[in-house]
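*Asks:* below are the sequence and a predicted model for it; my questions follow.
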Amino acid sequence: MKHFPFIISFVIAMPALGQTRSEPVLPEMKVIVTGVKDGYRPAADTALMLSSTPGYSVAAGGGVSGLPVVNGFADERLKIRIDGMELTSACANHMNAPLSYIDPQQVQRIRLIAGVTPVSMGGDSIGGSIDVQSLAPVFAQPGAGLLTQGSLAVSGRSVNNSVATSVNASAASDTLSIGYSGAATRGHSYDDGHGTTVLASMFESINQAIVLAAKGDGQQLTLRAGVQHIPYQGFPNQYMDMTDNHGQFANLAYQGTFAWGVLDARAYWQQTDHEMGFFTPERTGTMPMLTHGRNTGYALMASLPLAAGELRLGQEWHGFRLDDVWPAVPGSMMMGPRTYLNINDGRRARTVLFGELETRHDGRWTSVLGLRGEAVRMDTGAVQAYGTNMMNMADTMAAAAFNARGRKQRDTNIDASAQATYTPDAASRYDFALARKVRSPSLYERYSWGRGSMAMTMTNWFGDGNGYVGNIDLKPETAYTAAFTADWHGGGEEGWFLRVNPYYSKVDNYIDADVLAPFHPYMQMGAQGNLLQFTNHDATLYGVNLAWQLPLARSSQWGSLTASGNGAWTRGRRSDGGDLYRMMPLNAVFAVEHRLGAWSNRIETKLVARKDKVDARRLEPETGGYALVNVRSSVALGKMATLSAGVSNLFNRAHADPLGGVYLSGLKAQGGALQALPGEGRSIDVGLRLTF
């Protein structure tokens with residue numbers, strides 16, 4: 001079924017363009033989103049492209065840096081790959097999250113697998129996988145001569161006066177291809193449902209990439225390279241803003257088809273130079289924070305066809321290096337006279353071996369069994385506080401204790417997954433999945449060491465207004481997950497379906513936080529925060545996802561009318577009591593879509609229940625229930641142009657984001673009391689896409 005503005009289909013993942021081997025059977029609820037096909041997009045953030053997926057949410061950050069949440073598992077508990085590259089946030093606030101490195105207009109396909117994923121799709125995660133593929137190289141047909149094509153798109157939103165533009169162009173013969181994609185977007189701070197500006201939510205982002213490819217005799221070599229620049233990005237639920245972010249990457253991939261099977265090989269490099277500070281009137285003073293991160297890695301996988309299936313064998317390595325320093329502020333008694341070393345030569349390296357067997361037992365049963373082993377090594381250098389005066393005494397003592405500790409850590413992690421699909425007839429399918437998944441702590445979770453309230457609040461990717469300190473002795477998280485999907489359908493792609501997906505995860509050594517002491521954010525006596533330390537606790541997460549579609553009417557004169565929707569319910573609890581952070585309340589989407597020739601129209605209502613199951617340790621705010629109505633329309637103007645328009649939050653409903661954390665940038669404007677982050681108000685959205 002085609003949904004405006006994206007094409008979303010709950011089906012088995014299809015092979016990528018130019019790929020000849022089969023991909024693993026993927027039980028459980030899954031979704032494929034294929035690019036931005038018209039000129040409209042709801043936001044500049046790639047994480048929002050999956051928003052129509054049941055069980056999927058986005059925890060608010062900056063305008064292009066939301067953090068994905070799948071069935072209650074967020075951020076680094078998900079394996080996120082962009083064209084096979086594993087990217088790590090090089091920021092104590094995760095402002096440069098992996099999905100922020102690619103613009104929605106550069107995406108050809110996003111594939112989400114929730115919960116149980118085949119071991120060939122990655123490890124070091126417990127909540128699922130998000131695989132992003134950028135625009136693939138295009139080749140001319142044999143003997144057809146030079147093929148040239150391109151597109152230009154522009155869109156705008158009234159809620160933040162944002163403008164986004166993109167251009168794509170390529171030229172190719174039947175063996176060589178070159179392509180370019182560029183995208184730029186800029187937005188002011190958005191208005192909430194009361195018409196009040198949500199302070200420090202402006203942003204600007206520029207992404208450029210080239211792709212070179214050559215193919216022949218069953219082989220293809222592809223080189224991608226690109227740069228990103230984010231001059232500024234406000235974070236209304238953080239103490240800091242992004243004042244600059246430069247990223248570069250190079251990614252070389254090879255695929256060859258041989259008599260014995262298919263070989264996939266990849267090597268990549270990516271680096272980030274990141275700065276945090278203040279650039280808005282709501283946040284005054286000077287506090288520069290500089291981060292340099294570097295990802296390098298390679299991946300090898302051989303796919304060997306068998307009589308009744310396929311055997312996949314792989315070996316991978318991924319390394320991440322991190323330096324996080326805070327230069328001294330001249331004349332400051334607190335932030336000087338030395339450079340604060342937050343993470344000094346942090347190192348995290350993973351070495352991986354895996355094997356996976358897919359078997360077609362008969363016309364009804366298919367199974368995938370996999371085993372994956374990872375050796376994770378972590379270390380960091382000595383650290384130092386700003387100074388040794390009384391104002392820095394807590395950090396000075398913490399640095400001495402940290403430097404006296406042995407800091408090398410090694411984890412040996414074993415993943416195992418078993419998946420089966422039973423298709424008794426043409427109208428039903430049942431997927432069963434069991435898995436053991438393991439994730440080692442991040443560098444920040446283990447090695448953040450500051451004990452002063454100012455230093456601790458600088459380590460926080462949760463948007464909750466609290467402060468955090470790491471724990472060298474953290475153990476890896478181990479999740480035991482069971483999931484089931486029942487799929488009943490009929491009438492083909494545009495027919496009816498109903499999908500039900502319950503799941504249950506028991507997580508040993510879930511990395512949560514314990515309270516050390518209270519404090520007052522920004523020294524406002526009416527605002528309450530907690531200083532916390534990352535600690536291991538057992539936890540359980542469970543819930544159910546639903547998706548449905550029902551054709552209502554169809555005629556050659558009036559077109560087709562289809563009802564669709566989805567719903568999700570998630571709970572997360574710690575074994576010693578209390579709810580886990582950022583659990584999305586009960587929510588559902590009900591939509592009706594009309595299609596007639598070149599026209600596509602859609603009206604949808606999103607319902608979100610009151611959030612009263614909150615994390616008391618993090619002082620997570622409760623939020624009220626709400627209903628938002630969105631309308632969309634698009635029309636193809638011939639073969640070269642598509643015009644789109646819509647209204648988000650049609651009735652300008654004021655609401656708070658259940659996963660948005662607290663509104664820190666508006667603390668003083670709201671009389672010194674912390675409130676939940678407001679959501680966007682009404683927005684008139686327009687877009688135009690030209691192809692040539």
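*Replies:* Great, that's in hand.
*Asks:* the top helix by length along the chain: how far from the chain's middle?
*Replies:* With secondary structure taken from DSSP state H, the chain has its longest helix at helix 393-404. Computed by C-alpha atoms, centre = their mean, to the nearest Å, the chain-centroid distance of helix 393-404 equals 34 Å.
*Asks:* ok, stretch 516-527 next?
*Replies:* Relative to its chain's centre, stretch 516-527 lies at 31 Å (C-alpha atoms, centre = their mean).
*Asks:* coming back round to it: what packs against the longest helix of the chain?
*Replies:* The contact analysis (3 or more C-beta pairs under 8 Å, 6 or more residues apart in numbering; DSSP states H and E) places helix 393-404 against no helix or strand. Using the backbone N, CA and C atoms, a C-beta is placed for each residue, glycine as well.
*Asks:* avg pLDDT for that helix?
*Replies:* Computed over helix 393-404, the mean pLDDT rounds to 97.
*Asks:* repeat for stretch 118-134
*Replies:* 94.
*Asks:* kindly report the same for stretch 293-302.
*Replies:* The predicted model gives stretch 293-302 an average pLDDT of 98.
*Asks:* ok, now stretch 634-645?
*Replies:* 93.
*Asks:* can you check stretch 542-551 too?
*Replies:* Across stretch 542-551, pLDDT averages out at 97.
*Asks:* residue 544: what's its closest spatial neighbour, skipping adjacent residues?
*Replies:* Distances taken as C-beta to C-beta, 6 or more residues apart in numbering put residue 502 closest to residue 544, at 4.4 Å, once the chain neighbours are dropped.
*Asks:* same thing with residue 218?
*Replies:* Beyond its immediate neighbours in the sequence, the residue positioned closest to residue 218 (C-beta to C-beta, 6+ apart) is residue 257, lying 3.8 Å away.
*Asks:* how about residue 608?
*Replies:* Setting aside the residues directly before and after it, residue 608 is nearest to residue 587 in space (C-beta to C-beta, 6+ apart), at 4.6 Å.
*Asks:* any idea what the closest residue in space to residue 86 that isn't next to it in sequence is bridged to?
*Replies:* In space, not counting the residues next to it along the chain, residue 86 is nearest to residue 318; the distance is 5.1 Å by C-beta to C-beta, 6+ apart. Here residue 318 shows beta-bridge partners residue 297, residue 350, assigned using DSSP bridges.
*Asks:* about what we covered before: and the residue nearest to residue 218, how far is that from residue 302?
*Replies:* Using C-beta to C-beta, to the nearest Å, one obtains 12 Å as the distance from residue 257 to residue 302.
*Asks:* the residue nearest to residue 218: which element?
*Replies:* With elements delineated by DSSP states H and E, residue 257 resides in strand 241-258, which encompasses its position.
*Asks:* what sits against residue 595?
*Replies:* Shown here is residue 595, whose contacts under the criterion C-beta atoms under 8 Å, 6 or more residues apart in numbering are 2, 559, 560, 562, 601.
*Asks:* element containing it?
*Replies:* Short version: residue 595 belongs to strand 587-596, going by DSSP H and E.
*Asks:* so what strands line up beside that strand?
*Replies:* Using DSSP bridges, the strands paired with strand 587-596 are strand 559-574 (antiparallel), strand 599-608 (antiparallel).
*Asks:* and the next helix or strand past the last one?
*Replies:* In other words, strand 599-608. Toward the C-terminal end, the helix or strand that comes next after strand 599-608 (DSSP H and E) is strand 626-637.
*Asks:* okay, now the unreliable bits of this structure?
*Replies:* Counting by pLDDT under 70, the ranges of the chain that qualify are 1-43, 281-285.
*Asks:* by residue count, tell me the biggest strand in it.
*Replies:* With secondary structure taken from DSSP state E, the chain has its longest strand at strand 529-555.
*Asks:* so residue 630 touches residue 606, yeah?
*Replies:* Yes - with contacts counted by C-beta atoms under 8 Å, residue 630 reaches residue 606, the gap being 7.2 Å.
*Asks:* helices of the protein, start to end?
*Replies:* Using DSSP H, helices in the chain cover 393-404, 443-447, 453-457.
*Asks:* indicate which one of these is closest to residue 108.
*Replies:* Using C-beta to C-beta as the measure, helix 443-447 is the one of the helices of the chain that comes nearest residue 108, at 31.5 Å.
*Asks:* the closest one - contacts with which helices or strands?
*Replies:* Packed on helix 443-447, when contacts are counted by 3+ C-beta pairs under 8 Å, 6+ apart, are strand 340-360, strand 365-379.
*Asks:* got a list of contacts for it?
*Replies:* The contact list for helix 443-447 (C-beta under 8 Å, 6+ apart) reads 92, 320, 322, 343, 346, 348, 378, 380, 407, 409, 459, 461, 470-472, 474, 511, 534.
*Asks:* roughly how far apart are residue 80 and residue 652?
*Replies:* When C-beta to C-beta is applied, the distance between residue 80 and residue 652 equals 34 Å.
*Asks:* more crowded one of those two?
*Replies:* The neighbour count for residue 80 versus residue 652, taken as other C-beta atoms under 10 Å, is higher for residue 80 (23 against 18).
*Asks:* ok, now how distant is that one from residue 430?
*Replies:* Using C-beta to C-beta, one obtains 29 Å as the distance from residue 80 to residue 430.
*Asks:* and residue 104, by the same measure?
*Replies:* From residue 104 over to residue 430 (counting by C-beta to C-beta), the distance is 34 Å.
*Asks:* all set now, cheers.
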